[in-house]
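Colleague: pasting the sequence and the predicted coordinates here, then a few questions.
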Amino acid sequence: MAEHRRQLDIAVIGAGILGLATTEALVRLGVDVTCFDGRPPGRGLSGGLTRTFRHRHDSEQVVGLAVAGKEGFDRWAKRLGRRLIGDEGVVYAGMTPDHAAGMRAHGVEHRFADPAEHRSLFGPLAPVSGPLLVDPDGGAIRAKRTIDALAGWVGDRIVQADIHSVTVPPDGDGVEIQTTESIYRARHVVICAGTAAPRLGAGVGFDMPVRSALHARPHFRLRDGYRGEPLPCWVDITGEFGEKVYGSPIGSTGRYVLGLIGPDVDVPFDAAGALPPGSTMDEHVRRLQSYVRRALPGLDSEPVGIRVCVMTKLPAGSDAFRVWHTGGVTAIAGHNLFKLAPVLGELLAESAVDDVLPARLRLAGATALRAA
């Protein structure tokens, strides 16, 4: 191997929640690992202050991963000495017992509440017409606090550098990583690179059908008369108030984040960041304002802030993820993965150490794909 190439054992590309969780797991295993990202930790898809931790998913296997994810967050919180998931719980509208099948299968505590309980479950909520599913052990993830904790534990294992390419060289000696700072050879590379994952994965033969899109998440202020009332995370798929939405409190700030659910709520953009002609986020914000006026009278309908998030979605849906593996390289892509980061980090670390896709990912059915 040429002397100008620097030798590594394991490289993790991406210092978002998944890359940091994987790196932290490898550090605990005593492995020599380096994490690369062109931006400071958590400044890409993992940015922002809050995420929803929820157990309910359509896939029973993903519910099982969520249970393990919650256990991982609890371990991190104990190590940090501060909570990383609040005790707000999650309340869902429009769910039936069939929607909770995975929760029942994994023994996740939940109940269906009478709609008359709406105010005692979610203070700002208007009267609703159907039962509410309650997930009391869910809640709002303190996203920035989690990123900061992981970055602190990983420390100087993070190298700030843009990654140009990941390839398997002709001499077969490891995996080559070309960066803005140096050229490296690693025994194994884990790609957790968000929007860049398809481009980097293509260098080792992965076809990653990831669609990138922008998504508006305005913040609304809690009205003074509702201070101290329950403020859980929220999922409403009924359309009763004109839209389907999800929401989460921002810690104890008195601000609440809302986003739209549905096939028409994301604005696609290409690899260069260009938007389709006439695309705008304003209409999405107006739709959420209208929802607040109808469904959440305890919130002021004038946004006090807005975050435009980047989504990376697979054809299988919003909660889908896939893991690709070949000799020397593992890659992951998907959406709504923040809550699964502790368990996915452990599994990706296992893949890097053993150079084999872990059985728990292979058995996840449609959520895992092995490349030849």
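Modeller: Here it is on my side, so go on.

Colleague: ok, then the element right after the longest helix along the chain?
Modeller: Longest helix in the chain, counting residues (DSSP state H): helix 60-80. Note on helix 60-80: by DSSP states H and E, the next helix or strand toward the C-terminus is strand 90-93.

Colleague: centre of the chain to that next one, how far?
Modeller: Centre-to-centre, strand 90-93 and its host chain are 19 Å apart (CA atoms, centre = their mean, to the nearest Å).

Colleague: average model confidence for the helix or strand following that strand?
Modeller: Sequence-wise, the next helix or strand downstream of strand 90-93 (DSSP H and E) is helix 101-105. Summarised as a single mean, pLDDT over helix 101-105 is 97.

Colleague: so what does helix 101-105 touch, helix or strand wise?
Modeller: Applying 3 or more CB pairs under 8 Å, 6 or more residues apart in numbering; DSSP states H and E, we find helix 101-105 packed against helix 60-80. Where C-beta positions appear, they are placed from N, C-alpha and C, glycine not excepted.

Colleague: what comes up buried for the helix it packs on?
Modeller: Residues of helix 60-80 classed as buried by neighbour count (16 or more other CB atoms under 10 Å): 61-70, 72-73, 76-77, 80.

Colleague: what's the answer for stretch 153-172, then?
Modeller: Buried residues in stretch 153-172 (16+ other CB under 10 Å): W153, V154, R157, I158, V159, A161, I163, V166, T167, V168.

Colleague: give me the contact list for that stretch.
Modeller: 1, 13, 15, 20, 23-24, 27, 33-41, 79, 151, 175-182, 185, 189, 191, 193, 196, 200-201, 203-204, 327-329 (CB atoms under 8 Å, 6 or more residues apart in numbering).

Colleague: go with 6 Å
Modeller: Stretch 153-172 has contacts (CB atoms under 6 Å, 6 or more residues apart in numbering) with 13, 15, 23-24, 33-36, 38, 175-181, 189, 200, 203-204.

Colleague: hmm, back to that, out of the buried residues of stretch 153-172, list just those in strands.
Modeller: In this view, those that belong to strands under DSSP state E are I158, V159, I163, V166, T167.

Colleague: out of the residues you listed, flag the one nearest to G225.
Modeller: The closest of these to G225 turns out to be I158 (CB to CB; 45.2 Å).

Colleague: per-residue pLDDT, that closest one?
Modeller: 97.

Colleague: one more: the one 5 residues further on?
Modeller: Per-residue confidence (pLDDT) for I163: 96.

Colleague: likewise L361?
Modeller: 80.

Colleague: can you get me a residue count around it?
Modeller: Per other CB atoms under 10 Å, the neighbour tally for L361 reads 24.

Colleague: in this protein, which spans are helices?
Modeller: Using DSSP H, helices in the chain cover 17-28, 60-80, 101-105, 118-121, 143-154, 197-202, 282-295, 341-354, 359-362.

Colleague: select, out of these, the one closest to C233.
Modeller: Among these, the nearest to C233 by CB to CB is helix 118-121 (11.4 Å).

Colleague: circling back to that earlier point, and which of the ones in strands among the buried residues of stretch 153-172 is nearest to D135?
Modeller: The shortest approach to D135 among these belongs to I158, at 33.9 Å (CB to CB).

Colleague: for the closest one, list each beta-bridge partner.
Modeller: Taking DSSP bridges, one finds C35 as the beta-bridge partners of I158.

Colleague: if we can go back for a sec, tell me which of the helices of the chain is the most buried.
Modeller: The highest mean neighbour count among the helices of the chain, using mean count of other CB atoms under 10 Å, belongs to helix 17-28: a mean of 27.

Colleague: compute the inter-axis angle for that one and helix 60-80.
Modeller: 60 degrees (axes from the mean of the first three to the mean of the last three CA atoms, to 10 degrees).

Colleague: can you give the contact residues for helix 17-28?
Modeller: Contact partners of helix 17-28, identified using CB under 6 Å, 6+ apart, comprise 12, 33, 35, 46, 150, 153-154, 157, 190, 192, 338, 341-342, 344-346, 348-349.

Colleague: give me that answer again for 8 Å
Modeller: By CB under 8 Å, 6+ apart, the residues outside helix 17-28 that reach it are 10, 12-13, 15, 33, 35, 37, 41-42, 46, 72, 143, 146-147, 150-151, 153-154, 157-158, 190, 192-193, 332, 337-338, 341-342, 344-346, 348-349, 352-353.

Colleague: equivalent analysis for stretch 351-365, please.
Modeller: Residues outside stretch 351-365 that contact it (CB under 8 Å, 6+ apart): 10, 12, 22, 26, 29, 31, 33, 59, 61-62, 65, 188, 190, 323, 325, 327-328, 330, 347, 350, 367-368, 370.

Colleague: apply 6 Å and report the result again.
Modeller: Contact with stretch 351-365 is made by I10, Q61, H188, V190, V323, H325, T330, L347, E350, A368, R370, as judged by CB under 6 Å, 6+ apart.

Colleague: of those residues, grab the buried ones for ChimeraX.
Modeller: Applying 16+ other CB under 10 Å to those, the buried members can be selected in ChimeraX as follows:
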select :10,61,188,190,323,325,330,347,350,368
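
Colleague: in strands, which of the contacts of stretch 351-365 fall?
Modeller: Applying DSSP E to the contacts of stretch 351-365, the entries found in strands are I10, H188, V190, V323, H325, T330.

Colleague: buried sites along stretch 321-335?
Modeller: Residues of stretch 321-335 classed as buried by neighbour count (16+ other CB under 10 Å): 321-326, 328-335.

Colleague: kindly report the same for stretch 242-251.
Modeller: Within stretch 242-251, the residues scored as buried using 16+ other CB under 10 Å are E243, K244, V245, Y246, G247, S248, P249, I250, G251.

Colleague: could you dump that stretch to PDB, C-alpha only?
Modeller: In PDB, the C-alpha atoms belonging to stretch 242-251 read as follows (Å, rounded to 0.1, in the frame of the first residue of the first chain):
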ATOM      1  CA  GLY A 242     -58.200  19.000   8.200                       C
ATOM      2  CA  GLU A 243     -54.700  17.600   8.400                       C
ATOM      3  CA  LYS A 244     -52.700  14.700   9.600                       C
ATOM      4  CA  VAL A 245     -49.900  15.800  11.900                       C
ATOM      5  CA  TYR A 246     -47.300  14.800  14.400                       C
ATOM      6  CA  GLY A 247     -46.000  17.000  17.200                       C
ATOM      7  CA  SER A 248     -43.500  17.200  20.100                       C
ATOM      8  CA  PRO A 249     -42.800  19.700  22.900                       C
ATOM      9  CA  ILE A 250     -39.400  21.300  23.000                       C
ATOM     10  CA  GLY A 251     -38.500  20.300  26.500                       C
END
